[in-house]
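1. pasting the structure only:
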Ligand SMILES: [Zn+2]
């Protein structure tokens, strides 16, 4: 089956061109001017922007956390992703302490297989450290898992500095990459203790217990360990200017550091936690939302190349689930939905507002994550031989974001009422039209994509 997308503007990280794009089967067969192919179905996409399918390298679907399970599983989460132009997610396989990595990987395959609308891969969470886990690491690469995750906060996930350093040494040997959640756990606990003693238990206390200094301290500590282990690392969901300064300090001494941020750290502020009627609970996540100045520093960091990728940290809960913390903010499940709106938000507040170019947006949402996590050039670009994962974006008109019509199982939208420029007209997943004008046409077509070692 051949499909010819005619007359669109094809946007890649390294440039844009008005051209025709021929899809043959699951692949992009040809890109060129005035293509005509006998028997091909022709789709007029003139006036539209064609982006490589977005990759969201930070989602949590079907995760048991905070005494509950995320609202979105791989079915609803995959639908939300695809509807938002994301044709591949990389979720976090997450064994509990005491379980093997293989158990965690098998479990995540079971959660995703046959019910995910977009393609997917897994990072492996290292939340335990012993001889068995060390022996399992090479087997992860053999199974298409080339990236790992570690936490410097959350008792259920932390392994402490000693084990973290040993893990960095081992991953250096194996050639893996690791993303780290950087926040200082001990000081956060002390600050939470102070708030509890004072009886200040509303969501407004949440950001005060997780100030930017504690992100910066953990970033600095991690990067000094990474320097000794001589390994590049990824700072996931960086939220603050203070954290970015520590990254720049490490780069100045010659280290390679990758930074990921999220739309909510670019567009929302910690004043949301003081909204009346427990509204602040909707925005409880870690690290927390920061200040206007942090938003600006991160936007500049995106434009100047200091930040390499934008993911969502999609970790969704319903309002009823958030309600568990009505009397105590520490019991509010942490996380927000985001996988469905990242592309539209970045197009509007990044490209239309002239903070980044369309090409840079493609680099941040598609090409850089594809390279960093080892699926480039199969994904991350519109090129002959690549998977035909294509977002057809209509830049005209205004779309209002609302939970009323989104696909996520969360019953609120953090950006409710926001007006974005244009809309996603179509999403093609490996050559199949899977979303048309917001309607999901195929919602179980996603496949596990084994990944090589990264090369960004
Ligand atoms: Zn996360």
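-> It's in. Here the structure is a predicted model, which means the values were calculated and not measured. Numbers count the residues shown, from 1 in each chain.
2. The closest residue to residue 21 other than its chain neighbours: neighbour count?
-> Take residue 21 and drop its neighbours on the chain: the residue closest to it by CB to CB, 6 or more residues apart in numbering is residue 5, 4.5 Å away. C-beta here means a position set from N, CA and C on the backbone, and glycine is covered the same way. Residue 5 is flanked by 29 other residues according to other CB atoms under 10 Å.
3. that's a strand at residue 5, yeah?
-> Yes. Assessed with DSSP: H, G, I helix; E, B strand; the rest coil, residue 5 lies in a strand.
4. you'd agree it is up against residue 46?
-> No. Residue 5 is beyond contact range of residue 46, at 9.8 Å (criterion: CB atoms under 8 Å).
5. got a list of what residue 391 touches?
-> 50, 51, 52, 53, 54, 85, 87, 343, 424, 426, 427, 428 (CB atoms under 8 Å, 6 or more residues apart in numbering).
6. Need the phi and psi values for the last one.
-> Per-residue torsions, residue 428: phi -110, psi 130 (degrees, to the nearest 10).
7. ok, which stretches of the stretch 1-150 of the chain are helices?
-> Remark: helices assigned in the stretch 1-150 of the chain by DSSP state H, counting those that start in this stretch are 74-83, 101-112, 131-142.
8. just the stretch 251-400 of the chain next, same as before
-> Using DSSP H, counting those that start in this stretch, helices in the stretch 251-400 of the chain cover 263-267, 292-303, 319-322, 342-345, 358-362, 368-372.
9. counting contacts, what elements does the last one pack onto?
-> What that stands for is helix 368-372. strand 54-59, strand 309-310 (3 or more CB pairs under 8 Å, 6 or more residues apart in numbering; DSSP states H and E).
10. What mean pLDDT does it get?
-> Averaged across helix 368-372, the pLDDT comes to 98.
11. residue boundaries of the strands in the stretch 301-450 of the chain?
-> Counting by DSSP state E, counting those that start in this stretch, the stretch 301-450 of the chain has these strands, from start to end: 309-310, 390-400, 419-429, 432-436, 439-440.
12. highest average neighbour count across the ones you listed?
-> strand 309-310 (a mean of 29; mean count of other CB atoms under 10 Å).
13. Go through the helices of the stretch 251-400 of the chain and pick out the most buried.
-> By mean count of other CB under 10 Å, those have helix 368-372 as the most buried, with a mean of 26.
14. Can you get me the centre-to-centre distance for that one and its chain?
-> 12 Å (CA atoms, centre = their mean, to the nearest Å).
15. Closest one of the contacts of residue 391 to residue 21?
-> residue 50 (6.5 Å; CB to CB).
16. Spit out the contact partners of the closest one.
-> So residue 50 contacts 5, 8, 9, 10, 11, 21, 382, 390, 391, 392, 393 (CB under 8 Å, 6+ apart).
17. Across the sheet, point out what pairs with it.
-> residue 10, residue 392 (DSSP bridges).
18. Tell me the confidence at it?
-> pLDDT, residue 50: 98.
19. That one and residue 450: what is the separation?
-> Plainly put, residue 50 is 26 Å away from residue 450 if you go by CB to CB, to the nearest Å.
20. Residue 288 too?
-> Residue 288 is 35 Å from residue 450, by CB to CB.
21. which of those two has more neighbours?
-> Between residue 288 and residue 450, counted using other CB under 10 Å, residue 288 has the larger neighbour count: 26 against 15.
22. correct me, but the more buried one touches residue 270?
-> Yes. Here residue 288 reaches residue 270: they are 6.0 Å apart, a contact under CB under 8 Å.
23. overlap in contacts of the two?
-> Counting by CB under 8 Å, 6+ apart, the common neighbours of residue 288 and residue 270 are residue 207.
24. Show the pLDDT at the closest residue in space to residue 273 that isn't next to it in sequence.
-> The shortest distance from residue 273 to any non-neighbouring residue, by CB to CB, 6+ apart, is to residue 280 (4.0 Å). Note for residue 280: predicted pLDDT of 98.
25. what number of residues lie near residue 280?
-> Neighbours around residue 280, by other CB under 10 Å: 24.
26. could you pull out the strands for the stretch 101-250 of the chain?
-> Under DSSP E, counting those that start in this stretch, the stretch 101-250 of the chain gives strands at 119-125, 147-151, 177-181, 233-235.
27. circling back to that earlier point, from the contacts of residue 391, which is closest to residue 437?
-> Comparing these against residue 437 with CB to CB places residue 426 closest, at 7.6 Å.
28. so who does that closest one touch?
-> So residue 426 contacts 43, 45, 390, 391, 392, 433, 435, 436, 437 (CB under 8 Å, 6+ apart).
29. Could you rerun that using 10 Å?
-> Taking CB atoms under 10 Å, 6 or more residues apart in numbering, we find residue 426 in contact with 5, 43, 45, 48, 50, 85, 390-394, 433-437, 441.
30. So what's the residue count around residue 150?
-> Residues near residue 150, counting by other CB under 10 Å: 24.
31. any idea how far residue 241 is from it?
-> Separation of residue 150 from residue 241 (CB to CB) stands at 24 Å.
32. Residue 407 now?
-> 34 Å.
33. quick one: which of these two has more around it?
-> Using other CB under 10 Å, the more surrounded residue of residue 407 and residue 241 is residue 407, with 22 against 19.
34. I figured residue 207 hits residue 272, correct?
-> Yes. Judged on CB atoms under 10 Å, residue 207 makes contact with residue 272 at a distance of 9.2 Å.
35. In the protein, what helix or strand scores lowest on average pLDDT?
-> When each helix and strand of the chain is scored by mean pLDDT, DSSP states H and E, strand 64-65 comes last, with a mean of 92.
36. Now tell me what touches it from outside.
-> 70, 94, 96, 154, 156, 157, 315, 317, 333, 334, 335.
37. re the thing from before, closest one to residue 125 among the helices of the stretch 1-150 of the chain?
-> helix 101-112 (7.0 Å).
38. report the angle between the axes of that closest one and strand 147-151?
-> 100 degrees (axes from the mean of the first three to the mean of the last three CA atoms, to 10 degrees).
39. Quick check: buried residues in helix 101-112?
-> 101, 102, 104, 105, 107, 108, 111, 112 (16 or more other CB atoms under 10 Å).
40. got a list of what residue 338 touches?
-> Applying CB under 10 Å, 6+ apart, the residues near residue 338 are 56, 58-59, 80, 84, 262-264, 285, 311-316, 345, 408, 410, 413-415.
41. can you tell me the distance between the two ends of stretch 61-69?
-> Using CA to CA, to the nearest Å, the gap from the first to the last residue of stretch 61-69 comes to 9 Å.
42. got the buried residues for that stretch?
-> Applying 16+ other CB under 10 Å to stretch 61-69 flags 61, 62, 63, 65, 66 as buried.
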